[in-house]
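Peer 1: Coordinates only, no sequence provided:
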């Protein structure tokens, strides 16, 4: 009877322990599946939307066909430079691109115009107001006669350019959504390195070979009064400038809002799963301690 009672108690403890281990593994497995599902799309935007470089044979056994759609002021120079160093002819190095070399009466470089790609493509999108500020730094530091990093100067500059032709300034002001009709993989500027690495590793590259160079703008002709880190708060916009901006970039703002909301939900899910797994691991450890103690106790 004593031996049978010990076996029953030991068997019950083992069964309880097995159940907790199963729960922990299930939680860890769920977190892993969640991470994989969140990371599957290069940008986390492809479920919201749903076309460079030419063919680049990285090596004889793994040719990679991928083209790049350069949306101005979204980090495209960094991607072009990486492509040039790795056998891709992307953006300004891609002589096969076609498009409107003249939009209206203003000249735009072909690689800055919306493209109809012949193979799989990718592009980068950016928070609209951050993109406008990048253009402000680019224009006023290297092109315009003066610069002042204050809200009054920015409002005057934004009022002037937003009420002019949007295809001026090498198409830097065209809405980003204009470029998305043929973009298969939409990367987010805020996570560009991570998502670019994922895009390339899925096509045979080593992650260590996908590091992008950070290109500071303007790279040349910057005046001494240039402030490359100048930022203006969105709340500092005058009412008429804000209204004009939100009218022009309504679709871009909606695009970025959907991305930001999806990213926030993903982060919250990950945090919740991490807390759940942590709780299960701690609970399993407590059960194991009790089980070990029960096994050491003498049987009556």
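Peer 2: Nice, thanks for sending it over. Fair warning: this is a prediction, and the values are worked out from it, not measured in the lab. Numbering: from 1, shown residues only.

Peer 1: Going by C-alpha atoms from here, please, whenever you check contacts or count neighbours.
Peer 2: Fine.

Peer 1: which SS class is the residue lying closest to residue 108 once chain neighbours are set aside?
Peer 2: Leaving out its chain neighbours, the residue that sits closest to residue 108 by C-alpha to C-alpha, 6 or more residues apart in numbering is residue 170, at 4.3 Å. Of the three states, residue 170 takes helix under DSSP: H, G, I helix; E, B strand; the rest coil.

Peer 1: how about residue 170, what does it touch?
Peer 2: 106, 107, 108, 109, 112 (C-alpha atoms under 8 Å, 6 or more residues apart in numbering).

Peer 1: For it, give its distance to residue 139.
Peer 2: To residue 139, residue 170 is 11 Å away according to C-alpha to C-alpha, to the nearest Å.

Peer 1: Check which helices and strands whichever strand or helix holds residue 152 sits against.
Peer 2: In the assignment (DSSP states H and E), residue 152 maps to helix 151-162. Contact partners of helix 151-162 among helices and strands, from 3 or more C-alpha pairs under 8 Å, 6 or more residues apart in numbering; DSSP states H and E: helix 239-248.

Peer 1: tell me what the helix it packs on is packed against?
Peer 2: helix 151-162.

Peer 1: can you list contacts of the helix it packs on?
Peer 2: 136, 147, 148, 232, 233, 236, 237, 238, 240, 241, 244, 245.

Peer 1: run the last query once more with 6 Å
Peer 2: residue 241 (C-alpha atoms under 6 Å, 6 or more residues apart in numbering).

Peer 1: Could you list the low-confidence segments of the stretch 151-300 of the chain?
Peer 2: 216-225, 264-275, 279, 288, 292-300 (pLDDT under 70).

Peer 1: 80 instead, please
Peer 2: By pLDDT under 80, the low-scoring segments of the stretch 151-300 of the chain are 215-228, 262-300.

Peer 1: ranges for the strands of it?
Peer 2: 185-188 (DSSP state E, counting those that start in this stretch).

Peer 1: distance of the residue nearest to residue 108 from residue 112?
Peer 2: From residue 170 across to residue 112, the span is 7 Å (C-alpha to C-alpha).

Peer 1: ok, now residue 211?
Peer 2: Distance from residue 211 to residue 112, by C-alpha to C-alpha: 23 Å.

Peer 1: More neighbours: the two, which one.
Peer 2: Relative neighbour count places residue 112 above the other of residue 211 and residue 112, with 23 against 14, counting by other C-alpha atoms under 10 Å.

Peer 1: State the pLDDT value of that one.
Peer 2: With respect to pLDDT, residue 112 has a value of 91.

Peer 1: what are the phi and psi angles of the closest residue to residue 248 other than its chain neighbours?
Peer 2: Using C-alpha to C-alpha, 6+ apart and skipping residues adjacent in sequence, the residue nearest residue 248 is residue 175, 7.4 Å away. The phi/psi pair for residue 175 (degrees, to the nearest 10) reads phi -60, psi 140.

Peer 1: burial measure for residue 175, as a count.
Peer 2: Neighbour count of residue 175, defined by other C-alpha under 10 Å: 20.

Peer 1: ok, it to residue 155 distance?
Peer 2: As for residue 175, its distance to residue 155 is 19 Å (criterion: C-alpha to C-alpha).

Peer 1: for residue 135, same thing?
Peer 2: Taking C-alpha to C-alpha, one finds residue 135 at 13 Å from residue 155.

Peer 1: Check residue 76 too.
Peer 2: In terms of C-alpha to C-alpha, residue 76 sits 26 Å off from residue 155.

Peer 1: Which one's more surrounded, the two?
Peer 2: Shown here are residue 76 and residue 155; by other C-alpha under 10 Å, residue 76 has more neighbours (23 against 18).

Peer 1: Thanks a lot, see you next time.
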